[in-house]
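Visitor: Dropping a prediction and its sequence here:
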Amino acid sequence: MGDQHGQGKYCGKKSHFAVISIRSAKVRLHSDRAFEKIGFNATYYVIDNYSKGINLRVKSSTATELMLDIADLGFKFTELFVLYKEKESQKTWKVSTTSSTNITIRGLLPSKQYEARAVGYFKGRVYESQLVTTVTKQQPQEQMYDYGPSVGDSVVSHEWGDLKKCFGVELNEEGVNIFMKRYHKVYICRNGVIRFGENVFPRWPKPFSGSTEGCKNDLAMLAPYWATTDPYSFYQLRISAVYYQIYTSSQKTVKSKEVLNRATSEVNRLYEDPLPEEFQATLVLIVTWHNLRHLNLNSETRSLYNTFQAVIITDGVFTFVMYNYPPNGIQWSAPMARAKWRLYSTGSSVNDPLPVVGWSAGCEQYEYFNVSRSGEVTIGDIGAIYGQTVSRREGGFKQNSHGFKGKWLFRLEISTGQSSEQHCKSWFKMQPDPRPYLEYLEPCPCTFFQARWDERFNVEEDWRGKSKICAYSTFTSKDGWQQECCYSNDWRSNGALIVGHPGGGGALRENYETNEVNNAYDWCCAQSTMCHLYYQRRPSDDCKQYEPPEWSWMWGDPHFVTLDGKNYTFNGLGEYVMLDAKNGFFQLQARTRLAKGDGTATVFCAAVVKERNTSKVQVNLERQAGNMTLFIDEEILDYYSLTNQSTRLNGSVVVSRPKENAFRVTFPSGISVTVTEVKGALSILLAMPKSFRNQTRGLLGTWNGNQTDDLTTPSGDVLPADASSRDIHFRFGQKCK
């Protein structure tokens, strides 16, 4: 929409707004067609010089609120709006909708001049007030937000076992956008740290750096005062405590509104750079560390206590953290009286490390910020020095001194606000509806452990240390789609499948650009609140249709375990059909030879496997050296060039070397065969999806859940389950050549 000053775009889901022109104005209403349902409803009012008057009066104001009222006109307005903005500001007029003639406008800045007017509608007529002007009051600077049991705070567990890890706190469904990722859970540590992604206790403070040495993923953390603290003061003496409370816009309490308004006002006041859109806090997490004592208690430190706060503030897109240090709140850094700090040696290996203040985005991004004096004894003066507002910038940071002691404000994301929503919507519109393709994808295994043992899936290599582990279907569907399944790496969850946001996998297209899908996730889930659009186009599988594969074994002096679990021995010599599925769609054959020494014992020495429209794969065991030789479509493949990571050959089969003495091949149907050399013989392991039930024959049996008919010959004769070894040899085994 536009006025005489230029053009502007407004999202219909946002607050009302107003365009005021002293000359003619053109207003255009249109949809950006971001969703499948096109169209919208819009209401607008045009005010001219003949509009009847409203008497708008200023009753009072605070530092962040303006109270107005309207003189009684003898009727109740059908709709009533108040337009307001900073005086002489070029910003768009904001609009507050009200049903009362007593009006309160919240979220204002202290010591600012505002102008306001009212617009009402009743029985086909538009009414307008005069323009009123007032100044909000100056707000006294408060370092700390209220905390403790008196305001309903929860307390982090004091039990001894809980002090060795960080305490998890669930946020609301929107979570917070921090370091370009969206988190729905934070971990509060008793030593002045908030972590993201895992609850491991960071014991020894160390200034943040970009070094990757010993680095693990998901070590993102906030450090308002990371120090070594005495655990006994928590769980035994009950002197120290950590309090926390979450305030959200969905809570309708007076206290919640008060906290959100104060947080909004402080961000707008301390953060000088313009945001892409107006900031209005919707979630505030206040964490207060109260009376923390040094790990090294002595005659000088026993009576020294540290109290400070971290306040995470977000509107769902933009996120800030405020560190608050009250006067005399930080009483120790080194384990000695303040007068002796200059004597403390930071280079000594026997001295405790000194506190750190700042943040780290973790190993995935290698971004970090250390407040000046971090890791030095004088960091203990942070409550007495002027704080700063720190913003991330491409290639560095912007730091502004705001003139208040003991208060630091950090912006924790680089979001473009509404443009991220537009990117998300545009990506959404460009993606095909995935539903026609989902039925051809392998269902996700329900746990990480199932995924590791299911050859239809490959687990990502570098999963250790991450908050989640992802596995990908070995083969894509005929339409080029691949299943992504992600699992919790928290041992308490037993590797459970994650479905949907946050962190769930999705249906991906083959050769999908990694950067593009990562960008789409960031646009929709990390930088905006439109994650539902991402998962509409990349839905998570819920594992309801998953069935683990069935296994069968053949090894040594040929021992067999059929797909139905029947055990038997067959010492045939020559080449045999181990399994034929779907009348030749898939076939596994094996060759035996006499074992070393006298006698008639045989061992497996070769295997060949083929699925329709794929390469033929053969494994031979050399008699003398005991090495395996591989053939792919009659061509030798260097066995030692393979690794435990899967490699696709000829676009049809996937091969790997899971162990030093093993070879594995997986076919598009989901069937896998693993051949292992053990003491001069081959052991063969077959895994099959249950879609092949009732469609197999051969030495591995008729797979139907019934062991009594596993000894069925190619001609259809069935040997009894208790058949003798001689009958199994001549009447069954020898007929499977």
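Guide: Sure thing, it's come through.
Visitor: Show me how the record splits the protein into domains.
Guide: Split into domains by the TED database, the chain comes to 14-30+37-140, 156-411, 420-537, 550-735.
Visitor: can you tell me which of these comes nearest to residue 544?
Guide: Among those, the nearest to residue 544 by Cβ to Cβ is domain 420-537 (7.4 Å). All C-beta spots, glycine's among them, are computed from the backbone N, C-alpha and C.
Visitor: mind checking the end-to-end distance for the closest one?
Guide: For domain 420-537, the first-to-last residue distance is 17 Å (Cα to Cα, to the nearest Å).
Visitor: Now do that domain: distance to the chain's middle.
Guide: In terms of Cα atoms, centre = their mean, to the nearest Å, the centre of domain 420-537 is set 11 Å apart from its chain centre.
Visitor: Now do the nearest residue to residue 116 once chain neighbours are set aside, the pLDDT please.
Guide: The spatially closest residue to residue 116, leaving aside those adjacent along the chain, is residue 84, at 4.0 Å (Cβ to Cβ, 6 or more residues apart in numbering). If you check residue 84, the pLDDT there is 89.
Visitor: Residue 84: neighbouring residues, count only.
Guide: 22 (other Cβ atoms under 10 Å).
Visitor: Hmm, residue 119 and it touching each other?
Guide: No. Using Cβ atoms under 8 Å, residue 84 makes no contact with residue 119, being 11.5 Å away.
Visitor: Please enumerate residues in contact with stretch 240-257?
Guide: Here stretch 240-257 makes contact (Cβ atoms under 8 Å, 6 or more residues apart in numbering) with 106, 147-149, 151-156, 158, 167, 169, 171-172, 188, 190, 229-230, 233-234, 259-260, 281-293, 305.
Visitor: same thing with stretch 71-85?
Guide: Against stretch 71-85 from outside (Cβ under 8 Å, 6+ apart): 16, 18, 20, 54-57, 66, 68, 70, 91-99, 101, 103, 105, 114-123, 127.
Visitor: middle-most residue in the chain, spatially?
Guide: residue 503 (4.1 Å; Cα atoms, centre = their mean).
Visitor: From residue 456, how far out is that one?
Guide: In this view, residue 503 and residue 456 are 22 Å apart by Cβ to Cβ, to the nearest Å.
Visitor: Now do residue 370: how many residues are near it, please.
Guide: Residues lying near residue 370 (other Cβ under 10 Å) number 17.
Visitor: For the residue lying closest to it once chain neighbours are set aside, list each beta-bridge partner.
Guide: Excluding the flanking residues, the one nearest residue 370 by Cβ to Cβ, 6+ apart is residue 358, at 4.2 Å. Note on residue 358: beta-bridge partners by DSSP bridges are residue 223, residue 370.
Visitor: I figured residue 358 hits residue 224, correct?
Guide: No. At 9.1 Å, residue 358 and residue 224 do not qualify as touching, with contact defined as Cβ under 8 Å.
Visitor: So for these two, which residue has more residues nearby?
Guide: residue 224 (27 against 22).
Visitor: And stretch 548-562, end to end?
Guide: Across stretch 548-562, the terminal residues are separated by 16 Å (Cα to Cα).
Visitor: right, I mislabeled it, should have said stretch 655-667
Guide: Chord length of stretch 655-667, first to last residue, is 9 Å (Cα to Cα).
Visitor: tell me the average confidence for it?
Guide: Average pLDDT, stretch 655-667: 88.
Visitor: Buried residues in it, which are they?
Guide: Neighbour-count burial for stretch 655-667 flags 655-658, 662-667 (criterion: 16 or more other Cβ atoms under 10 Å).
Visitor: any chance of those in TSV, plus secondary structure and distance to residue 61?
Guide: Formatted as TSV, the buried residues of stretch 655-667 follow (DSSP: H, G, I helix; E, B strand; the rest coil; distance: Cβ to Cβ, whole Å):
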residue	secondary structure	distance to residue 61
655	strand	75
656	strand	71
657	coil	75
658	coil	72
662	strand	77
663	strand	79
664	strand	74
665	strand	77
666	strand	71
667	coil	75
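Visitor: nearest to residue 494, of the residues you listed?
Guide: residue 658 (23.4 Å).
Visitor: how much space between that closest one and residue 469?
Guide: Distance of residue 658 to residue 469, computed by Cβ to Cβ: 18 Å.
Visitor: all strands of the stretch 151-300 of the chain, in order?
Guide: For the stretch 151-300 of the chain, strands defined by DSSP state E, counting those that start in this stretch occupy the ranges 154-155, 167-170, 176-178, 181-183, 185-189, 193-195, 221-226, 241-248, 283-292.
Visitor: elements contacting the fifth one?
Guide: What that stands for is strand 185-189. Counting contacts by 3 or more Cβ pairs under 8 Å, 6 or more residues apart in numbering; DSSP states H and E, strand 185-189 packs against strand 167-170, strand 193-195.
Visitor: Turn the ones you listed into JSON lines, columns for mean neighbour count and mean pLDDT.
Guide: Below are the helices and strands packed on strand 185-189 laid out as JSON lines (neighbours: other Cβ atoms under 10 Å; pLDDT from 0 to 100):
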{"stretch": "strand 167-170", "mean neighbour count": "15", "mean pLDDT": "93"}
{"stretch": "strand 193-195", "mean neighbour count": "24", "mean pLDDT": "96"}
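Visitor: In TSV, list those along with distance to residue 436.
Guide: Formatted as TSV, those follow (distance: least, Cβ to Cβ, whole Å):
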stretch	distance to residue 436
strand 167-170	36
strand 193-195	42
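Visitor: For residue 313, which of those is the nearest?
Guide: Using Cβ to Cβ, these put strand 193-195 closest to residue 313, at 13.3 Å.
Visitor: What lies in contact with that closest one?
Guide: By Cβ under 8 Å, 6+ apart, strand 193-195 touches 166, 186-189, 202, 219-224, 226, 287, 310, 312.
Visitor: Thanks a lot, see you next time.
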